[in-house]
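*Asks:* I would like to see how this sequence folds:
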Amino acid sequence: MTAVKKRTASAAKKSAKQSKVAAPAYRVAEKYSSTSLSLEGIRKGFTRADLRFDGVDHSQTTYEARVFLNNTNASDKTPTTLDQGFAGSFHIFGHGGCLGDVGHCEVRGPRRPFDPRPEHPLTPVSKIVVATDAIRRALDKGTTVTVTVIPIVLSGTKLCDYEKVLKFEKVSVIAYQ
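*Replies:* Numbers count the residues shown, from 1 in each chain. Have a look, this model is predicted:
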């Protein structure tokens, strides 16, 4: 019995060493940096502030979107701290590209009123990043903010574009008084 226990402990140590050496299981896609967004309508003393991303495409890869304020030099190596402008992140569970026939994955216009059928599975989504402290810090430094998003790709298929991962319609700042 003792010899079996030693072999098991030895095997456990070996697999633990191997897991520490493994390379990161992610890719960094093309980052996004916004033009200056105005903070002029936001008064100090707000209780919460959000960054809202509307029309986010989720048809391709699975990724984490790390959001930084006023740090256009941010990368996947940038610490996720308030000092570096980190506001938060959102995650997309991607569909892995279109596996159906031509036109299968096309989202067709808005639904008619009172249509009981569910939306198309690839209808773009909205994502909210609660960024209260980061917005407060940005507001202390000025009346505009630059949003930089670093997409960290976690998985996908051979049908996915691994470079232009982050696609959305608009980003806005919302503060609650």
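
*Asks:* who does the residue nearest the centre of the chain bridge with?
*Replies:* Against the mean C-alpha coordinate of the chain, by C-alpha atoms, centre = their mean, the closest residue is Ala65 at 1.9 Å. Ala65 forms beta bridges with Phe90, Pro151, as assigned by DSSP bridges.

*Asks:* contacts only, for it.
*Replies:* By C-beta atoms under 8 Å, 6 or more residues apart in numbering, the contact set of Ala65 is 53, 89-92, 127, 149-152, 166. C-beta here means a position set from N, CA and C on the backbone, and glycine is covered the same way.

*Asks:* swap in 6 Å and give it another go.
*Replies:* Residues in contact with Ala65 (C-beta atoms under 6 Å, 6 or more residues apart in numbering) are 89-90, 149, 151.

*Asks:* for Val149, same thing?
*Replies:* Val149 sits in contact with 32, 65, 67, 166, where contact means C-beta under 6 Å, 6+ apart.

*Asks:* from those residues, pick the one nearest Ala25.
*Replies:* Ala65 (17.2 Å; C-beta to C-beta).

*Asks:* distance of the closest one from Ser89?
*Replies:* Using C-beta to C-beta, to the nearest Å, Ala65 is found at 6 Å from Ser89.

*Asks:* what of Asp115?
*Replies:* Look at Asp115 and Ser89: by C-beta to C-beta, they are 34 Å apart.

*Asks:* of the two, which one has the most company?
*Replies:* Ser89 (17 against 9; other C-beta atoms under 10 Å).

*Asks:* out of everything not next to it in sequence, what's closest to that one?
*Replies:* Arg66 (4.8 Å; C-beta to C-beta, 6 or more residues apart in numbering).

*Asks:* mind listing what's buried in stretch 160-172?
*Replies:* Within stretch 160-172, the residues that qualify as buried are 160, 162, 165-166, 168, 171, counting by 16 or more other C-beta atoms under 10 Å.

*Asks:* right, I'll leave it there.
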